[in-house]
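the sequence isn't on hand, but the structure is:
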């Protein structure tokens, strides 16, 4: 039964990876089409943007659940010895984060959503610090993670958090810029600043993709 439970956790971990990366690719493709101002009307592009936001909820959901699930997989597989309270706390933080993500999505553009996102940011910063500490400490001392591949995976997961946080920060100007585009219509004055913001954001998106590929490789190959 323990072996089946572990394999089920690994399966769920794999599903979250597919949801995260696959959904992110969908978001990327929709964003690329939104940029084509010569190919689509403004109304069509805004419809693509609404679809982008909806598709993005898949990766955001996977991101929140990946934190407690990854610790559960590592613990159940005997790869790391973590106290039970820490794993339970991780699930509490992950589920709270997930609730904030969906509540913000449902109540978007409201003070409630803004409050949720401030709390969500604090959770993400704390988890980022935890994974960076876990990976770096384990690589330097061999504890609490003895296997180098898993320590690197923890460290890279922290870097994924940094890149994903930078995506959100870089994307912040899009709201006002998009509002100006809707109010004034499509022109170089409204389109070029928006395009520049999206181009900057895309750099961090590609960083997330690269880091996800590397962490997945480490988890499957487990190089000694």
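The structure has been received and is ready for your questions. On a predicted model such as this, the values are computed, not experimentally measured, just so you know. Numbering: from 1, shown residues only.

tally up the residues packed near residue 72, please.
Counted with other C-beta atoms under 10 Å, residues neighbouring residue 72 total 19. For glycine as for every other residue, the C-beta is placed from the backbone atoms N, C-alpha and C.

next up, the contacts around residue 79.
73, 145, 147, 150 (C-beta atoms under 8 Å, 6 or more residues apart in numbering).

what are the phi and psi values for it?
phi -80, psi -20 (degrees, to the nearest 10).

need the contact partners of stretch 30-50.
51, 52, 55, 178, 181, 182, 185, 186, 191, 195, 198, 202.

now a PyMOL select for only the buried ones of those.
Command for PyMOL that selects the buried part of the contacts of stretch 30-50, burial taken from 16 or more other C-beta atoms under 10 Å:
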select buried, resi 52+55+178+181+191+198+202
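
need the max-distance pair from the contacts of stretch 30-50.
Farthest pair in the contacts of stretch 30-50 (C-beta to C-beta) is 55 and 185. Separation: 26.3 Å.

quick check, residue 94 in contact with residue 70.
No: the pair residue 94 / residue 70 is not scored as a contact, 9.8 Å apart, by C-beta atoms under 8 Å.

residue nearest the centroid of the protein?
By C-alpha atoms, centre = their mean, the chain has its centre lying nearest to residue 63, at 4.6 Å.

how about the nearest residue to residue 214, chain neighbours excluded?
Leaving aside its sequence neighbours, residue 214 sits nearest to residue 156 (C-beta to C-beta, 6 or more residues apart in numbering; 5.9 Å).

what separation do you get for that neighbour and residue 212?
9 Å (C-beta to C-beta, to the nearest Å).

and residue 30, what's its pLDDT?
What the model reports as pLDDT for residue 30 is 92.

ditto for residue 193
For residue 193, the model assigns a pLDDT of 92.

shaky segments in this protein?
1 (pLDDT under 70).

that older thread, let's see if you can find the most crowded of the contacts of residue 79.
Most surrounded of the contacts of residue 79: other C-beta under 10 Å gives residue 145, at 24 neighbours.

give me the nearest residue to residue 190, chain neighbours excluded.
Residue 190's closest residue in space is residue 181 (C-beta to C-beta, 6+ apart), at 4.4 Å.

so what's residue 90 up against?
Contacts of residue 90 by C-beta under 8 Å, 6+ apart are 67, 68, 71, 72.

how about 10 Å then?
Going by C-beta atoms under 10 Å, 6 or more residues apart in numbering, residue 90 touches 67, 68, 69, 70, 71, 72, 75, 82, 127, 130.

for residue 78, same thing?
With C-beta under 10 Å, 6+ apart, residue 78 has these contacts: 2, 6.

is it in a helix, a strand, or coil?
When classified by DSSP: H, G, I helix; E, B strand; the rest coil, residue 78 comes out as coil.

wait, doesn't residue 27 sit right on residue 171?
No: using C-beta atoms under 10 Å as the test, residue 27 is too far from residue 171 to be in contact (11.1 Å).
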